[in-house]
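Undergrad: give me coordinates for this.
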Amino acid sequence: MSRQPAWLDDAIFYEIYPQSFMDSNGDGIGDFQGIISKLDYIKDLGCTAIWMNPCFESPFGDAGYDISDFYKAAPRYGTNEDLKLLFSEVHKRGMHILLDLVPCHTSTEHKWFKESMKPEQNQYTHRYIWTDSIWTAPQNYGTIRGISDRNGSCVVSFFSCQPAINYGFYKPTESWQQGIDDEGPKASLEELKNIMRFWLGLGCDGFRVDMAGSLVKDDEDGKGTIILWNRIREMLDKEYPEAAMVSEWGEPDKSLQGGFHMDFLLHFGPSHYNDLFRCEEPYFSSRGKGTIKEFVENYLKSYKLSEKKGLICIPSGNHDMDRLARALHGDELKLAFAFLLSMPGAPFIYAGDEIGMNYVEGLHSKEGGYNRTGSRTPIQWDNSPNCGFSTASPDKLYLPQDPSKDRPTVKDQLENKDSLLNEIKKLIDVRKANKALQSCAEIQFVSTDYPLVFKRSCAEQAVTVFINPSNKPCEVSAEEGKVIYSFGTFSHSGSKLKLGGQTAVFVAY
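TA: Have a look, this model is predicted:
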């Protein structure tokens, strides 16, 4: 197991979707200088680190996850020098920044892919996964074919514009499949190392890795992919030991073996994460008809397998999910953040969730967004034109903004002491001030009904978290201690704690 950078122990991340964050030059699209102009806001919120979505040159068929040059910033955001300045300005404020690393595929516009399409052998012939005949397509993978004179079909990661980089098959069974130690996969891995070296050398603090568990194909229990990430870990430990690595894998036992420091809890698969915030009856709805039991059951399985506490990160959302405020409203959002900011692992706040930005309904897909587009609209900073996001005419904005008359803005919420934004700032302050609420402290669930009760503990302290999202009062057994945070109404008498509807109480011992 690699040593975790110390700053991750109490890290609170802020996810920036750069297209929609802040436009500094009036073209309607967010950019690096715009991000720099809002760093003081992020710091004041209490966040200590940033995860920025892909910012490299791309035709933007999938919002920048289809990269055409890993070594060049997308001109829409600025230059490499602007990005280097962003790193510097983040560090001046005592914060850290992770870039979004996309190791699994490129754009079809990448020079590597264009070279790989040629029928003549060259250094990129095996950079991607091609079958040996145009009539052959693997059953388990999507492909693109008939696009060049090369005789074969090319495996894609998801969209047709995303040809999969070749890291090999765990156990090759076809003539066109290579093993992880064959020439093509080895060259791909070395290039990935070089990309990481380049950006770490310019000053970024590490990477959030997209689809981290999907490098090796037909991979038995992730064994091949774990081997490859361990080879990267060897390089990082030697050359960049302070680089933080956070995986989008969803299987902490595997990501830990691969040398990652933290793993995202995914919103798809068996996690039941969406039972909490994004379903017909979310657990954090005041109706009190949801359930958190399956979530806890699956969370504890991952938690016990991870061997290292604090590995699992639970985001408020991200650019791929519905906004929290699509299903939760008002105080429901505050109770959801009381949970998110008291759980193990580094919290990730998706920009705009801290003010309860709405999911904007009815938008046409933009840059591969499809149903995700409504969660990617520009941040609402104030009540000036375009909500302070850009000086461009409204029709030039990256996406239309929320048309609601009561749409939340950062300015309004900063000025309202009872706002969601100010409640989140309180919760972050409480988390920072209490070791038992930070990333690596232990967790033990006591009740998984209404209310939710769990204990966080470390060598210095123990804290019990009581959260009643329902609008119905309830009563639980609880030792008296020091109340370090409360929202809503409660009373403590002897061994009984009475919680009003929509109430959260943190008690330290």
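
Undergrad: show me the contacts for the residue lying closest to Glu460 once chain neighbours are set aside.
TA: Once flanking residues are discounted, Glu460 sits nearest to Lys435: 5.1 Å by Cβ to Cβ, 6 or more residues apart in numbering. All C-beta spots, glycine's among them, are computed from the backbone N, C-alpha and C. By Cβ atoms under 8 Å, 6 or more residues apart in numbering, the contact list for Lys435 reads 441, 458, 460-461.

Undergrad: same question for Val507.
TA: Taking Cβ under 8 Å, 6+ apart as the definition of contact, the neighbours of Val507 are 463-464, 466, 478-484, 497.

Undergrad: also Asp149?
TA: Under the criterion of Cβ under 8 Å, 6+ apart, the contact partners of Asp149 comprise 117-119.

Undergrad: so it sits in a helix?
TA: No. Counting by DSSP: H, G, I helix; E, B strand; the rest coil, Asp149 is located in no helix; its state is coil.

Undergrad: mind checking how far it is from Met117?
TA: Relative to Met117, Asp149 is positioned 8 Å away (Cβ to Cβ, to the nearest Å).

Undergrad: what residues are shared contacts of these two?
TA: Going by Cβ under 8 Å, 6+ apart, no residue sits against Asp149 while also sitting against Met117.

Undergrad: low-confidence ranges, the stretch 351-500 of the chain, go.
TA: For the stretch 351-500 of the chain, no stretch is flagged by pLDDT under 70.

Undergrad: all helices of it, in order?
TA: The residue ranges that make up the helices of the stretch 351-500 of the chain, judged by DSSP state H, counting those that start in this stretch, are 410-415, 420-433.

Undergrad: and Gln4, which of those helices is closest to it?
TA: When the helices of the stretch 351-500 of the chain are compared by Cβ to Cβ, helix 420-433 sits nearest Gln4, at 17.9 Å.

Undergrad: in the closest one, what's buried?
TA: Within helix 420-433, the residues scored as buried using 16 or more other Cβ atoms under 10 Å are 420-428, 430-431.

Undergrad: related to what we said a few turns ago, how about the contacts of Lys435, which pair is most distant?
TA: So, these by Cβ to Cβ: farthest apart are Ala441 and Glu460, at 9.2 Å.

Undergrad: which one's more surrounded, those two?
TA: Looking at Ala441 and Glu460 with other Cβ atoms under 10 Å, you find the greater number of neighbours at Ala441, namely 22 against 9.

Undergrad: give the contact list for the residue lying closest to Phe445 once chain neighbours are set aside.
TA: Residue nearest to Phe445 in three dimensions, not counting chain neighbours: Phe454, with 4.7 Å by Cβ to Cβ, 6+ apart. Phe454 sits next to 443-446, 464-465 when contact means Cβ under 8 Å, 6+ apart.

Undergrad: of those residues, buried ones?
TA: Buried members of the contacts of Phe454, counted by 16+ other Cβ under 10 Å: 443, 445, 464-465.

Undergrad: now the strands for the stretch 301-450 of the chain?
TA: For the stretch 301-450 of the chain, the strands defined by DSSP state E, counting those that start in this stretch occupy 312-313, 348-350, 442-448.

Undergrad: give me the distance between the two termini of stretch 365-372.
TA: For stretch 365-372, the first-to-last residue distance is 8 Å (Cα to Cα, to the nearest Å).

Undergrad: distance from the chain centre to it, please.
TA: For stretch 365-372, the separation from the chain centroid amounts to 18 Å (computed by Cα atoms, centre = their mean, to the nearest Å).

Undergrad: repeat for stretch 476-495
TA: Here stretch 476-495 is found 33 Å from its chain centre; the criterion is Cα atoms, centre = their mean.

Undergrad: list the buried ones in it?
TA: For stretch 476-495, the buried set under the neighbour-count rule, 16+ other Cβ under 10 Å, comprises 476, 478, 484-488, 490, 492.

Undergrad: what's the answer for stretch 403-423, then?
TA: Buried residues in stretch 403-423, defined by neighbour count with 16+ other Cβ under 10 Å: 407-414, 419-423.

Undergrad: got JSON lines for those residues, with distance to Tyr71 too?
TA: Supplementary listing: the buried residues of stretch 403-423 in JSON lines, determined by distance: Cβ to Cβ, whole Å:
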{"residue": "Arg407", "distance to Tyr71": "39"}
{"residue": "Pro408", "distance to Tyr71": "38"}
{"residue": "Thr409", "distance to Tyr71": "37"}
{"residue": "Val410", "distance to Tyr71": "34"}
{"residue": "Lys411", "distance to Tyr71": "38"}
{"residue": "Asp412", "distance to Tyr71": "41"}
{"residue": "Gln413", "distance to Tyr71": "39"}
{"residue": "Leu414", "distance to Tyr71": "39"}
{"residue": "Ser419", "distance to Tyr71": "42"}
{"residue": "Leu420", "distance to Tyr71": "40"}
{"residue": "Leu421", "distance to Tyr71": "37"}
{"residue": "Asn422", "distance to Tyr71": "41"}
{"residue": "Glu423", "distance to Tyr71": "42"}
